[in-house]
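Asks: Predicted model follows, preceded by the sequence.
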Amino acid sequence: MALASAFFQILQQPTIGDVLLELMLFMAPLWIAIFVGVLVGWSWKPKWANLNRVFFEDSTASHRWSSGRPLLTACASIPRLNSVKLQLPRWISWIAGNDFEKETSSVSSNSSSDCSSSQLEREKLGLVTEDDLEHLCRLVEEKDGGPAWIQMMDRSTATMSYKAWRRDPETGPPQYRTRSVFEDATPEMLRDFFWDDEFRLKWDDMLIHAETLEDCPITGNMVVKWVRKFPFFCSDREYIIGRRIWESGRMYYCVTKGVPCSSVPRHNKPRRVDLYYSSWCIRAVESKRGDGQLTASEVLLFHHEDMGIPWEIAKLGVRQGMWGTVKKIDPSVRAYHGERTSGASLSRCAVMAQINTKVSADYLRSLECRRTSSSEVEPLDSSEKPLGRNIPKLLIVGGAIALACSLDQGLLTKAVIFGVARRFANIGKRL
């Protein structure tokens, strides 16, 4: 009744101009309240929102890793917070229990210098393995069983063409697939370019720190640490990334994903990103000049990560900044090619990019057969909700409540703020 009365009073104004002016004055505070409510809710994040990390670090429960894809788990009930679902990190893959920990703790420190044995131990922990190669192959062939890709961009320059797709799985953050074709570029040069963290610091504006934590000169396995700069209202993000390259002919399968690393402690700032997957396939293709020569190279990229911000806001940011970032890659590729042809020394990362695990096409087909024969995997509970949206939703509504309670604008304004905030928080159900 109060809302109807307010609109009725506005419509009783003598002229159309007065009606429009009153409507603008009525709506402006609502939009300001929504914006401020979101910011307040985000900045007033309660301390229990970080309890998932503490709970996880103290927990000794085991988790499964299937086909290189993260599983979602929910934490046990917490006193006085039973109605709140917390999102546990979804990247960990433990396939051994306390017995394995006791065995590894008894190994002498001298054996850790042996690359092959340490690599075997790390593969047992599920870092970068053949399962990841298999998963990337299925993504390249579009046989991973996920939802259909929706095209979101098609741009090109004189020496590069670029297409991008997105899909929203039932659980987990949005996933992206891109196809870039670089003219007059070899797969080997692009492989080294994307692996070279030292050169990446020159063209990737978001990357502010990169260091190699571990590498194996036999298999080419690497564990690197990245720190990426985020907008002013977010803290910087820290990534611990495992990566490895497989080669089949002149076709390169480059896997990079977030991995656990106990030697790097967690900090509040920069914030650790646990769920991270960014892998690509590089191969020679025909030039757009149509001369039948394989003088161009195609890069198929598959990427998703949980940055710790609402996924709808992340999707908007990716869409707005995607082409601006991609445009910088092509001239950077040309500059990198110029340095290489001038005889500049290779960085350690570029040297490691040339250490690949050789596989044949028959071997890749055998992986597909193995996947088919062992396709009966324990399904994920379909009743489980996407936990990643629950905390941001609660913070949005909480921010609106805090804002409304701090304003002395009467019952009508507060009711409208609550309603709009509730609808804004439910956007994720429709996207």
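Replies: Structure received. What you see is a predicted model, and the numbers here were worked out from it, not measured in a lab.
Asks: my guess is residue 364 meets residue 248, correct?
Replies: Yes. Between residue 364 and residue 248 there is a contact under C-beta atoms under 8 Å: 6.2 Å. For the C-beta atoms, the positions are set from N, CA and C on the backbone; glycine is no exception.
Asks: Mind jotting down where the strands sit in the stretch 251-400 of the chain?
Replies: For the stretch 251-400 of the chain, applying DSSP state E, counting those that start in this stretch gives strands covering 251-258, 271-273, 276-285, 296-305, 357-358.
Asks: Using JSON lines, lay out those together with distance to residue 196.
Replies: Below are the strands of the stretch 251-400 of the chain laid out as JSON lines (distance: least, C-beta to C-beta, whole Å):
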{"stretch": "strand 251-258", "distance to residue 196": "12"}
{"stretch": "strand 271-273", "distance to residue 196": "21"}
{"stretch": "strand 276-285", "distance to residue 196": "14"}
{"stretch": "strand 296-305", "distance to residue 196": "15"}
{"stretch": "strand 357-358", "distance to residue 196": "19"}
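Asks: between these, which one is nearest to residue 140?
Replies: Closest to residue 140 of the strands of the stretch 251-400 of the chain is strand 276-285 (C-beta to C-beta; 4.8 Å).
Asks: ok, residues contacting the closest one?
Replies: 70, 91, 132, 136, 139-140, 181, 186-187, 190-191, 194, 239, 241, 250-258, 294-306 (C-beta atoms under 8 Å, 6 or more residues apart in numbering).
Asks: In it, which residues are buried?
Replies: 276-284 (16 or more other C-beta atoms under 10 Å).
Asks: so which helix or strand takes in the nearest residue to residue 226 once chain neighbours are set aside?
Replies: Nearest residue to residue 226 in three dimensions, chain neighbours excluded: residue 239, at 4.2 Å (C-beta to C-beta, 6 or more residues apart in numbering). Using DSSP states H and E, residue 239 sits within strand 237-248.
Asks: Return the list of helices and strands in contact with that strand.
Replies: helix 187-195, strand 222-228, strand 251-258, strand 271-273, strand 357-358, helix 361-373 (3 or more C-beta pairs under 8 Å, 6 or more residues apart in numbering; DSSP states H and E).
Asks: pLDDT below threshold where in the chain?
Replies: Residues of the chain that meet the criterion pLDDT under 70 lie in 1-8, 38-126, 232, 368-431.
Asks: Would you map out the domains in it?
Replies: As given by automatic domain parsing, the domain ranges for the chain are 22-90+389-431, 119-373.
Asks: right, so of the strands of the stretch 251-400 of the chain, which gets closest to residue 224?
Replies: With C-beta to C-beta, the closest approach to residue 224 among the strands of the stretch 251-400 of the chain belongs to strand 251-258: 8.5 Å.
Asks: Next, the angle from that closest one to strand 237-248.
Replies: Interaxial angle of strand 251-258 relative to strand 237-248 (axes from the mean of the first three to the mean of the last three C-alpha atoms, to 10 degrees): 160 degrees.
Asks: what residues does strand 251-258 touch?
Replies: 68, 91, 128, 132-133, 136-137, 140, 187-188, 191, 194-195, 239-247, 273-283, 305, 356.
Asks: rewinding a little: how many residues are close by the residue nearest to residue 226?
Replies: Applying other C-beta atoms under 10 Å, we find 22 residues neighbouring residue 239.
Asks: Also residue 17?
Replies: 9.
Asks: Report all helices and strands that the helix or strand harbouring it contacts.
Replies: For residue 17, the element it lies in under DSSP H and E is helix 16-43. Here helix 16-43 touches helix 2-11, helix 390-406, helix 410-425, going by 3+ C-beta pairs under 8 Å, 6+ apart.
Asks: which ones are touching the residue nearest to residue 186 when sequence neighbours are not counted?
Replies: Using C-beta to C-beta, 6+ apart and skipping residues adjacent in sequence, the residue nearest residue 186 is residue 297, 6.2 Å away. Residue 297 is in contact with 181-182, 185-187, 189-190, 282-285, counting by C-beta under 8 Å, 6+ apart.
Asks: try 10 Å this time
Replies: 180-191, 250, 252, 282-285, 287, 333 (C-beta atoms under 10 Å, 6 or more residues apart in numbering).
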